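J.: output the structure for:
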Amino acid sequence: MSEQPRMISVVMSVYNGDRYLREAVDSILNQTFTDFEFIIIDDGSTDSTWEVLTAYAKQDSRILPIRNDENIGLTCSLNKGIALAKGKYIARMDADDISLRDRFAKQVAFMDAHPEVGVCGSWIKFISEGISYIWHYPTDDKNIRCWLLFKTALAHPSIIMRKDLFLKAGLSYDPAYKYAQDHELWVRSSKYCKLANIGEVLLLYRIHNNQVWQRHRTDQIALARYIQLEQVKSLGIQPTVDELNLHYALSMSSFELTNDFVNQAHTWLYKIKAENEKTGSYDELALAKFLGQLWFSLGNAATKLGWWMWETFWQSPLSASADLTWQQKLKFALKCKLRYKPYLWGRIWEQLEKKIKLLFKK
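T.: You can find the predicted model right below:
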């Protein structure tokens, strides 16, 4: 491998990932932006991962394969790769995903044009058998910070980081976080720099049963809850166990839709808004809009509760910040009126859309 410093150091860790590894590596080697080194940590694999990596390294001098004697986990492996990095920027990649060909070109151009940004990700497209949809992360720093209060707001394998900033701030992945290490790092990084996402798909994110978050769900949930707890405390709130459970349920959209739950969720969201107005921890307008949209998402999911949900939604001060389109308002009203009976809803909305389009043509 050449000793010449590169613009980007790509860091990837892989454990028993030979199934998708070639596709992931090829997507990096085929980038239109070619000034990079590719540091790949084999984290103690027992399949053919190491043989695949060494074969690639013989063909392309930009690849530096490193083999761990034993499995030390993603967090420690990434820190090991970052310590070896020589690039101005550090880019992440996972061994089961696919980077689009112009990913690095667009991210380097963005970072060069925005020196205040320390971490930049992108939108991603989920891919698996029978699944294909785009996840639109927020693009600006103020909204990303609001998202981080509930969940991660940057796709880990899509990000690029400014190395000098991370060195000066002493930033790295926290070994205490074996899982959810990215969410914790973005929260900590937000104290030193701005965060951003490029508003287009630059990475294809593969979903399969062997992913870390699928295999270690319980541990990841516990760490995610701790990250959320620390951020809620920064607002001056000492949440009860029930409040923290509620917060996590909202972040994961995992709850039973009852009148009581909707009322409890509203009380909690309004409490966050009120406390932030005192502390100024988050941009007031950005957080109000985020909470308003979260309140609408909850209401839109709970239309089976009927007209009570419609009235409850609009009686809340949170609704004023939801910034809904007239189409969203109309759909919400009809779904509440029908108590969202899918077999009726689809036909009614289809006919209504046709009439609206004809009306505007006239």
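
J.: low pLDDT regions in the stretch 101-250 of the chain?
T.: Where the stretch 101-250 of the chain drops to pLDDT under 70, the residues are 209-217.

J.: all strands of it, in order?
T.: 117-128, 131-135, 160-162, 194-206 (DSSP state E, counting those that start in this stretch).

J.: return the most buried member of those strands.
T.: Counting by mean count of other CB atoms under 10 Å, strand 160-162 has the highest mean neighbour count of these, with a mean of 24. Glycine gets a C-beta too; all of them are placed from N, C-alpha and C.

J.: that strand packs against which elements?
T.: Contacts defined by 3 or more CB pairs under 8 Å, 6 or more residues apart in numbering; DSSP states H and E place strand 160-162 against strand 89-92, helix 103-113, strand 117-128.

J.: how near is residue 39 to residue 165?
T.: 19 Å (CB to CB, to the nearest Å).

J.: likewise residue 309?
T.: Counting by CB to CB - residue 309 and residue 165 are separated by 45 Å.

J.: neighbour count winner among the two?
T.: residue 309 (24 against 17; other CB atoms under 10 Å).

J.: tell me which helix or strand that one sits in.
T.: helix 307-315 (DSSP states H and E).

J.: got the buried residues for that helix?
T.: 309, 310, 312, 313 (16 or more other CB atoms under 10 Å).

J.: widest-spaced pair of the residues you listed?
T.: 310 and 312 (7.4 Å; CB to CB).

J.: which non-adjacent residue is nearest residue 148?
T.: residue 187 (5.5 Å; CB to CB, 6 or more residues apart in numbering).

J.: tell me the contacts of the closest residue to residue 48 other than its chain neighbours?
T.: Closest residue in space to residue 48, ignoring its immediate chain neighbours: residue 18 at 4.7 Å, by CB to CB, 6+ apart. Taking CB atoms under 8 Å, 6 or more residues apart in numbering as the contact definition, residue 18 lies against 45, 47, 48, 49, 52.

J.: by neighbour count, which of the residues you listed wins?
T.: residue 49 (23 neighbours).

J.: now do it, the pLDDT please.
T.: Note on residue 49: pLDDT of 97.

J.: does it touch residue 16 like I think?
T.: Yes: taking CB atoms under 8 Å as the definition, residue 49 is a contact partner of residue 16 at 6.4 Å.

J.: now do the phi/psi pair for residue 43.
T.: phi -90, psi 60 (degrees, to the nearest 10).

J.: ok, it to residue 95 distance?
T.: Counting by CB to CB, the gap from residue 43 to residue 95 is 10 Å.

J.: ok, the two, which is more surrounded?
T.: Per other CB under 10 Å, whichever of residue 43 and residue 95 has more neighbours is residue 95, with 28 against 23.

J.: wait, a helix at that one?
T.: No: counting by DSSP: H, G, I helix; E, B strand; the rest coil, residue 95 is located in no helix; its state is coil.

J.: distance-wise, check it relative to residue 146.
T.: 31 Å.

J.: over to residue 326?
T.: 25 Å.

J.: higher neighbour count, those two?
T.: Per other CB under 10 Å, whichever of residue 326 and residue 146 has more neighbours is residue 146, with 23 against 7.
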